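In: The following block contains a protein sequence and its predicted model.
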Amino acid sequence: METKYPEIKQIFDEIVNTAQFAQGTDIGPSTENIGIIAAGDAGDWITAALGIPAAEAEIGAWDQYSTTWFPHTTSVAFQIVNDNINWLEHTYMKLGNQITL
């Protein structure tokens, strides 16, 4: 991405460097974070085909989810959202979306 889309890399780097992420958040490709090689996903296609910054964000920790990818309880789901809302809102604002609460 650094050579083909340096502007997009700069956008991602700026968000990573300025947003407040939940403690223990892993940032980077799945090959580094979970040790699997994915054939590609929607974010990869959008970035490559359309030149639009796109990424997938899995939030929360492995132990917060069941094997079917649902949070164990509603209170765990609320905690995942609460832990991650700051960087999500930061990203929305960075991309020009207005949040009205």
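Out: The structure has been received and is ready for your questions.
In: Can you find the helix or strand in this structure with the smallest mean pLDDT?
Out: When the helices and strands of the chain are scored by mean pLDDT, DSSP states H and E, helix 30-33 comes last with a mean of 71.
In: Show the subsequent helix or strand relative to that one.
Out: helix 42-45 (DSSP states H and E).
In: ok, Gly60 - contacts?
Out: Listed by Cβ atoms under 8 Å, 6 or more residues apart in numbering, the contact partners of Gly60 are Pro71, Val76, Ile80, Asp83, Asn84. All C-beta atoms are positioned from the backbone trio N, CA, C, and that covers glycine.
In: who touches Val81 in this structure?
Out: Ile59.
In: Give me the contact list for stretch 64-74.
Out: Outside stretch 64-74, the residues touching it (Cβ under 8 Å, 6+ apart) are Gly60, Val76, Ala77, Gln79, Ile80.
In: ok, 7 Å please
Out: Outside of stretch 64-74, the residues that reach it under the criterion Cβ atoms under 7 Å, 6 or more residues apart in numbering are Val76, Ala77, Ile80.
In: for stretch 5-15, same thing?
Out: With contacts defined as Cβ under 7 Å, 6+ apart, stretch 5-15 is touched by Met1, Glu2, Thr47, Gly51, Pro53, Thr91, Lys94.
In: Counting neighbours, which of these end up buried?
Out: Thr47, Pro53, Thr91 (16 or more other Cβ atoms under 10 Å).
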